[in-house]
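Participant: fold the following for me, if possible:
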Amino acid sequence: MSDNLMRCSFCSKVKDEVEHLIAGPGVFICNECVGLCDHLLSGKPVPKFPPLDGKSDDELLADVARINSSHSQVEAAVQDRVLRLRSRSVTWARIGEALGISRQSAWERFSGEE
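Facilitator: Numbers count the residues shown, from 1 in each chain. Predicted coordinates:
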C-alpha cells in the first residue's frame, strides 16, 4: 500500500495529517482517534462531532472520498483473509456464513471467476 493511501480507518485523515498512524490488520488508527478512545475509556466526555447538515457539498464529497478509501483498506484485508482460508480448503459455505452471506455470494465476490 502506498504511503499516500495510508489513512486512519476511523477519521480518514491521511498519515501526513496526524502525528502517528498505527497499523493493524487491514486498518489504521491515528493518535487523535486513540486519544478519543482514551477519553471514552476513562469516562471523560468526548467532544461532539460537527453535524453533517452544516457541511458544504464539497466537504461532504471529500468525506465520501475519505470514507471510501478506508473501506478499500478493509475490503483488501477481507480479500486477503478469504484467499488464505481458501488456500486452507475452507469451503465457500463457511466463508459465506462468517460474512453473513450465502455460499454463492461469497464465491461471486471473492473467487475472481465469472
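Participant: let me see the mean pLDDT of the longest helix anywhere in the chain.
Facilitator: Longest helix of the chain, by residue count under DSSP state H: helix 57-87. Averaged across helix 57-87, the pLDDT comes to 87.
Participant: separation between Leu60 and Asp53?
Facilitator: When distance is defined by CB to CB, to the nearest Å, Leu60 is 10 Å away from Asp53. (Glycine included, C-beta is placed from N, CA and C.)
Participant: neighbour-wise, which of those two wins?
Facilitator: Leu60 (12 against 6; other CB atoms under 10 Å).
Participant: separation between the more buried one and Pro50?
Facilitator: 12 Å.
Participant: likewise Ile22?
Facilitator: 25 Å.
Participant: settle it for me: which of those two has more neighbours?
Facilitator: Ranked by neighbour count (other CB under 10 Å), Ile22 and Pro50 place Ile22 first, with 13 against 9.
Participant: residue contacts, that one?
Facilitator: Phe28, Ile29, Cys30, Asn31, Val34 (CB atoms under 8 Å, 6 or more residues apart in numbering).
Participant: so, if you compare those residues, which one comes nearest to Gln73?
Facilitator: The nearest member of the contacts of Ile22 to Gln73, counting by CB to CB, is Phe28 at 7.1 Å.
Participant: about what we covered before: show me which of the contacts of Ile22 are buried.
Facilitator: Phe28, Ile29, Cys30 (16 or more other CB atoms under 10 Å).
Participant: can I get these in a markdown table with pLDDT and secondary structure?
Facilitator: Listed next are those as a markdown table, based on pLDDT from 0 to 100; DSSP: H, G, I helix; E, B strand; the rest coil:
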| residue | pLDDT | secondary structure |
| --- | --- | --- |
| Phe28 | 89 | strand |
| Ile29 | 92 | strand |
| Cys30 | 93 | strand |
